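Novice: I'll drop the sequence and a predicted model, then ask my questions.
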Amino acid sequence: MRLRALAKINLGLDVLGRREDGYHELRMIMQTINMYDQLDMEISEEPGIRITTNLPYVPVNQNNLVYRAANMLMEEFQIKEGLTVDLQKMIPVAAGMAGGSSDAAAAMIGVNRLFQLGLSVKDLMERGVKIGADVPYCLLRGTALAEGIGDKLRALPACPDCYVLIGKPGISVSTKFVYENLHANELKSHPRIDEMLDAIQWHNLYKMADLMENVLETVTIPQYPIIEEIKNHMKEHGALNAMMSGSGPTVFGLFDDKTLAEQACEALRESRLARTVFLTTVFNNGGRRK
């Protein structure tokens with residue numbers, strides 16, 4: 001079985017405060033894009049889970065979310081056979097694009113189908129949050145409002161069609177560092193999430209792009225100015241707006257014109273500001289467009 005694990009971006013990301021359990025209370029608009037890792041999954045007679053991957057630094061043991069997600073279901077349903085997974089990583093690692101969470105979501109879907117467990121998407125989402133806060137969203141996919149720690153989800157009308165330029169600089173940003181250094185109670189500006197919800201409802205790409213904001217940039221950009229440079233480069237080359245995704249360091253820009261997006265993509269490659277440069281589109285689940 002071959003599965004695609006799709007990446008996500010945050011169109012808006014607000015942090016409302018720190019909870020007593022140490023997690024942060026979030027309010028985000030999530031969007032899946034057509035950039036993906038590939039999982040080839042197969043039942044094996046030999047018990048256990050064996051993972052191979054194209055990147056030498058990606059773990060292939062219980063430290064990999066694919067392993068943990070598959071193992072969780074296989075233990076719950078007392079599956080005696082084994083599983084082999086070949087994971088081809090295309091989504092940048094530790095990039096704020098939920099690559100690991102999406103891989104875990106795909107692994108859960110694969111195990112559910114291969115072993116005919118009969119679980120619904122909702123059943124998988126309830127289990128997926130034990131692996132990571134982004135896993136339920138990666139199972140849902142499309143356009144969604146995420147609240148709580150990111151686990152309370154509401155499906156939204158489809159995001160307006162547009163081109164998405166991805167630029168990840170050659171740095172890694174620790175999510176832990178970002179949240180530990182975010183002073184949520186001192187934020188002077190918050191994203192207008194409700195207005196963005198209206199823009200999506202009315203299918204207004206320009207209003208939606210204008211409202212893009214991510215409060216985590218207040219931590220990452222002073223620490224890593226390259227993120228601001230990539231944002232400005234995209235906007236100078238025709239992006240309706242550009243923003244960091246998640247806790248970074250990936251930057252994305254939205255475009256309404258394919259030719260302009262392709263020219264901006266080439267310009268970003270030539271600038272050498274970003275190590276990973278990728279042009280794609282938004283992914284929308286069928287049946288939600290108004």
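Specialist: Structure received.

Novice: can you give me the strands for the stretch 151-290 of the chain?
Specialist: Per DSSP state E, counting those that start in this stretch, the stretch 151-290 of the chain carries strands over the ranges 152-155, 163-168, 213-214, 241-244, 251-255, 276-281.

Novice: Packed most tightly, which of the ones you listed would that be?
Specialist: Between these, strand 251-255 has the highest mean count of neighbours, a mean of 29, where neighbours are mean count of other C-beta atoms under 10 Å. C-beta: built from backbone N, CA, C; applies to glycine.

Novice: how about the helices of the stretch 151-290 of the chain, start to end?
Specialist: In order along the chain, the stretch 151-290 of the chain carries the following helices (DSSP state H, counting those that start in this stretch): 175-180, 193-201, 205-210, 217-223, 226-236, 258-271.

Novice: Minimum distance to residue 88: which of the strands of the stretch 151-290 of the chain has it?
Specialist: Residue 88 lies closest to strand 276-281 among the strands of the stretch 151-290 of the chain, at 15.0 Å (C-beta to C-beta).

Novice: wait, residue 84 sits on residue 42?
Specialist: Yes. With the criterion set as C-beta atoms under 8 Å, residue 84 and residue 42 qualify as a contacting pair; they are 5.0 Å apart.

Novice: can you tell me which of the helices of the stretch 151-290 of the chain the model trusts least?
Specialist: The stretch with the lowest mean pLDDT among these is helix 175-180, which comes in at a mean of 90.

Novice: so what does that one touch, helix or strand wise?
Specialist: helix 217-223 (3 or more C-beta pairs under 8 Å, 6 or more residues apart in numbering; DSSP states H and E).

Novice: Just the residues contacting the helix it packs on, thanks.
Specialist: With contact meaning C-beta atoms under 8 Å, 6 or more residues apart in numbering, helix 217-223 is reached by 173, 177-178, 181-182, 187, 227-228, 243-244, 247-249.

Novice: Tabulate those (TSV), appending distance to residue 263.
Specialist: Listed next are the contacts of helix 217-223 as TSV, based on distance: C-beta to C-beta, whole Å:
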residue	distance to residue 263
173	28
177	35
178	32
181	36
182	35
187	35
227	22
228	21
243	20
244	22
247	29
248	25
249	23
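
Novice: Out of these, the closest to residue 212 would be?
Specialist: Proximity of those to residue 212 was ranked by C-beta to C-beta; the top entry is residue 243 with 4.7 Å.

Novice: That closest one against residue 231, yeah?
Specialist: Yes. Look at residue 243 against residue 231 with C-beta under 8 Å: they come within range, at 6.9 Å.

Novice: Find residues that contact each of those two.
Specialist: With C-beta under 8 Å, 6+ apart, residue 243 and residue 231 have common neighbours residue 251.

Novice: taking the contacts of helix 217-223 as a set, which two sit the farthest apart in space?
Specialist: Using C-beta to C-beta, the pair of the contacts of helix 217-223 lying farthest apart is 187 and 249, separated by 20.2 Å.

Novice: The two: which has the busier surroundings?
Specialist: Neighbour tally, residue 187 and residue 249, criterion other C-beta atoms under 10 Å: the higher count belongs to residue 249, 28 against 14.

Novice: Was I right to think the more buried one contacts residue 174?
Specialist: No. Under the criterion of C-beta under 8 Å, residue 249 makes no contact with residue 174, lying 10.4 Å away.

Novice: quick one: contacts for residue 282?
Specialist: If you count contacts by C-beta under 8 Å, 6+ apart, then residue 282 has 31, 32, 33, 34, 143, 159, 160, 161, 162, 164 around it.

Novice: if you set the cut-off to 10 Å instead, what comes out?
Specialist: With contacts defined as C-beta atoms under 10 Å, 6 or more residues apart in numbering, residue 282 is in contact with 9, 11, 31-34, 142-143, 158-164, 254.

Novice: Buried among these? Make that a ChimeraX selection.
Specialist: Here is the ChimeraX command that selects the buried residues among the contacts of residue 282 (16 or more other C-beta atoms under 10 Å):
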select :9,11,31,32,33,142,143,158,159,160,162,163,164,254
